[in-house]
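> Quick one, what's the 3D model for this:
(3 chains)
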Amino acid sequence: MANNIIISSLLHLFLIIITALSLPFLAKKPIDLPPIISIELIQITDKTSIPYAPKAKKIIEEIKKKEKEKLVSEQAPPKKVKKEKPDAIPLPDQQKNIVKKPEEDKQNPEKIDDEIKQVSEFEKEELFDPNNIAALIDKSKEETAEMIKSDNKITQSQRKSVISSGLTLNEEDALKAQIFGCWSIPLGLPYNENLLVRIKLNLKPDGTIINSEILDHARMNKPGQGFYKVLAESALRAIRLCQPLRVPTTGYERWKEIQLNFDAREMLQG
Amino acid sequence: MKKIIFLIYVCLFIFNWGKAWSLIEVDITRGNLNPLPLAVSPLSVDQNSREKFKDLLKLDDIGLEISKVVENNLRQSGLFNPLDQKAFLQKPDIAHIKPRFEDWALIKAQALITGEVKIVEEKLRVEFRLWDVLAGKEIMALAFTTVSENWRRVGHIITDKVYQRLTGEKGYFDTRIIYVAEEGLKTSRIKKLAIMDQDGYNTKYLTLGNELVLTPRFNPTNQMVTYLSYFKNLPRVYLLDIETGIQEVVGDFPGMTFAPRFSPNGKKIIMSFAKDGNSDIYTMDLESREVEKITNHPSIDTSPSYSPDGKYICFNSDRSGYQQIYVMRSDGSKVKRISFGNGLYGTPVWSPRGDLIAFTKLHKGKFYIGVMRTDGTGERLLTENYYQEAPSWSPNGRVLIFYRETKSDSAGKGFSAKLWSIDLTGYNERMVKTETDASDPSWSSLLTD
Amino acid sequence: MNLNKIFRNTLLVISASILLSACAVKTTGKMQGDVYTGKDTVEYLASGVPDRVFFATNETVLTTASRETLRKQASWLRKNSKINVVLEGHADERGTREYNLALGERRANAAKDYLMTYGISGNRISVISYGKERPVDSGSNPLAWSKNRRSVTVKAN
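Model prediction:
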């Protein structure tokens, strides 16, 4: 057997040498090719391995963050939310925002004016009229008033913590499937930012919503959080559109309060 | 053994105990990517204004016309589904004051746009509101005044504001496209510079077609255009002031200059200069007229494009033997190849967001428009065709416009060149309407911010 | 068994070499490889002096036939010393516009360099690239493209 192998390999070697010598045309190609390929491979791995590592890191960090968030919300929702309340009721904030708006509007026309003058052959002037601001301010007062009301409700109901063991898989799937259908994901959102919107709902036994609260809604009105606001609004629209929610027929105490975590990253990345 | 079982019990107990106090959480990680259904109510016009607009603009109902502009823009974006106006239950004037949200929810509208147009001191005054139908509240209200000839732009500005409010991203509707209008036989095409609104209206021709013109590009303020002209059979990069119509040659090069683009601050033009069979990349400062050689390599270096911060340049080079994409510092140092996939790569363009580079790829006889990250990773091909190239970004970095040519027989039959746009996601591929055949599109920045 | 193996390997080598030889340059009518060799579009500067040379895809190297044509042009130019020429470089439509402009320029310069090595002064030769803008054949097929990958010598005066 050993002999056979030796003879075989010798003959093979012989054959290879003969082909290499007698067919230089053939031999050259295989010799030429590997270096080219390997050079490219090295470059590719150089390229890809660098960004891959941070990517993995990011994912790990994200998971860690998520875990932290979950811990926080699981352990101390009543206290935390309560604390948030006073700052979160954005009475002064919101009004400021809305009062600011007209100012921005006022600035706008000037900008428009300048730029259009530069561009123009088509137009000479453009002005802005901030007349209809009064209506806006009135509106905002109504809104904030409503918000206070709903906030109060939530804090009251939060005091009675409900003993529950969560939804069954089937129940959860039914609810998810329903909301998946209602939620139009705003496609302009960046997928690489932490945009998780957590909404707490108080439900009636038939699945209609008594009220809804965005858990970190202080973030909504912060500057530079435009995307968060857009996502939060889309989530609220989804819930309203889905009303009444597909809730289990039994065990109202279990699910009369429920938290929905809206996370579009998976969809936006794909 | 018993200890372990005990431990498990303890664990289970703690676990359950924790759960007992917790709120039920449901993770919503999926939704639909269907365009958002919304209603664009015709803007209301009072009788007096209506008559005046009729005289001024020859439009029967300017409110309806503006709403059509908005509706068309939103539909073209692929992110919105404007509902049929025939289904609307409420009249425009009443809807603008106090919409009956139940009526709008009934036709499945999630948002509603209402408005009012008036003549105020011989000018067009528009006021519009965006309503969240499901929440039953107003989420935006704006008003502005302009000359009445600008009525289409009014529609575009409204779209930009609505788009931004609902997507979180700036719009791209009050913009223009400069392109090359083409006519005639393939062997002797007549080409003119043309400019139009982003939606294909208001086309104006900037050159007469006496000489070949190619690759026009806007400067950041949309006032100037740089392009290649074969004026007097000397292919050179030119600079054109759109407002005054004044043109001038860029620099004094003893040979062909081509592939021009502005730097992000608009102060320089970057381009290729070909001499003795070798093309290198040069910049010229428009104020000091100083010329700087950026690449120095005995290969073809062309199609340069700055990163939005002006610190880097991506360009096309065949120094490896074939056309590939490279990135370097803006002074020409640290040249690095970034394209490594199969096939040839050309026309790299840096996205206005800075995170991506769009390109044309030629592989196995097919042309692709694609994007990759600026380090060359994450290559994504958006569209495949017989021939297409030269992508240009919308100012918000969301949409690419490019041109596509069709096959022809030996008599040149079947040949056409058209502009197309596609979303960064690879969805929503659409032909952009032009009066003639068209190529080499370049997207302006927003005309109003 | 060993003999069998060797036999099989030899067969493999032989069949592989046959396959490879099949890959070698194909000559189909008016093209050699993908360089145009026909006369359809060719015009003449003088009797027996073709005005253009053709190139392979993405190539700027002059073929043997091209060099012969250019030598004829050079001797014609030497005889007619008052004539100046423009070399027009062209590319086919299967490339990006900007790169093709550079490619056309390089092709025309390849021709120019060759004329200069045969004693024609660089002052008498100017170069212009049309990239893919001025095809001579409108077709979208390999033959049409091969006709369009060209450098054409045109009298300038």
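
> Quick one, grab the pLDDT at residue 49.
Reading this off chain A. We have a pLDDT of 26 for residue A:49.

> hm, I was asking about chain B
91.

> What count of nearby residues applies to residue C:81?
Using other Cβ atoms under 10 Å in any protein chain shown, residue C:81 has 10 neighbouring residues. All C-beta spots, glycine's among them, are computed from the backbone N, C-alpha and C.

> Could you pull out the helices in the stretch 51-200 of chain B for me?
B:62-77, B:92-97, B:101-106, B:151-167 (DSSP state H, counting those that start in this stretch).

> Going by mean pLDDT, which of the ones you listed comes out lowest?
helix B:92-97 (a mean of 87).

> List the contacts of that helix.
B:41, B:42, B:43, B:44, B:63, B:88, B:112, B:114, B:115, B:116, B:127, B:129 (Cβ atoms under 8 Å, 6 or more residues apart in numbering or on different chains).

> one more time with 10 Å
A:135, B:39, B:41-46, B:61, B:63-64, B:67, B:85, B:88-90, B:100, B:103-104, B:112-117, B:127-129, B:131 (Cβ atoms under 10 Å, 6 or more residues apart in numbering or on different chains).

> Could you pick out which of these are located in strands?
B:39, B:44-45, B:112-117, B:127-129, B:131 (DSSP state E).

> Quick check: which ranges of the stretch 101-250 of chain A have low pLDDT?
A:101-165, A:191-192 (pLDDT under 70).

> Which residues of it lie near chain C?
On the criterion Cβ under 10 Å from any Cβ of the partner chain, chain C has no neighbours in the stretch 101-250 of chain A.

> and of the helices of the stretch 51-200 of chain B, who's closest to residue C:108?
Nearest of those to residue C:108, taken as Cβ to Cβ: helix B:62-77 at 43.0 Å.

> that older thread, would you point out the most distant pair within the ones in strands among the contacts of helix B:92-97?
B:45 and B:131 (19.6 Å).

> Serialize the ones in strands among the contacts of helix B:92-97 to JSON lines and add fields for pLDDT.
Formatted as JSON lines, the ones in strands among the contacts of helix B:92-97 follow (pLDDT from 0 to 100):
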{"residue": "B:39", "pLDDT": "96"}
{"residue": "B:44", "pLDDT": "94"}
{"residue": "B:45", "pLDDT": "94"}
{"residue": "B:112", "pLDDT": "96"}
{"residue": "B:113", "pLDDT": "96"}
{"residue": "B:114", "pLDDT": "95"}
{"residue": "B:115", "pLDDT": "94"}
{"residue": "B:116", "pLDDT": "94"}
{"residue": "B:117", "pLDDT": "94"}
{"residue": "B:127", "pLDDT": "93"}
{"residue": "B:128", "pLDDT": "94"}
{"residue": "B:129", "pLDDT": "95"}
{"residue": "B:131", "pLDDT": "95"}
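
> I'd like those residues as TSV, with neighbour count appended.
TSV is the format used below for those (neighbours: other Cβ atoms under 10 Å in any protein chain shown):
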residue	neighbour count
B:39	27
B:44	22
B:45	25
B:112	25
B:113	27
B:114	28
B:115	27
B:116	21
B:117	28
B:127	20
B:128	26
B:129	23
B:131	27
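
> now, which of these sits nearest residue C:106?
Nearest member of the ones in strands among the contacts of helix B:92-97 to residue C:106, counting by Cβ to Cβ, is residue B:113, at 54.9 Å.

> Please name the bridge partners of the closest one.
residue B:40, residue B:130 (DSSP bridges).

> where's it relative to residue C:128, distance?
54 Å (Cβ to Cβ, to the nearest Å).

> ditto for residue B:130
55 Å.

> any idea which of the ones in strands among the contacts of helix B:92-97 is closest to chain C?
Nearest to chain C out of these is residue B:113 (Cβ to the nearest Cβ; 40.5 Å).

> residues contacting that closest one?
Residue B:113 neighbours (Cβ under 10 Å, 6+ apart): B:38-43, B:67, B:70-71, B:74, B:82, B:95-96, B:128-131, B:140, B:158-159, B:161-162.

> ok, of these, which come out buried?
Among the contacts of residue B:113, the ones that count as buried by 16 or more other Cβ atoms under 10 Å in any protein chain shown are B:38-43, B:67, B:70-71, B:74, B:82, B:95-96, B:128-131, B:140, B:158-159, B:161-162.

> so the closest residue to residue B:264 other than its chain neighbours, which of the three states?
Closest residue to residue B:264 apart from its sequence neighbours, by Cβ to Cβ, 6 or more residues apart in numbering or on different chains: residue B:310 at 4.8 Å. Under the three-state scheme (DSSP: H, G, I helix; E, B strand; the rest coil), residue B:310 adopts coil.
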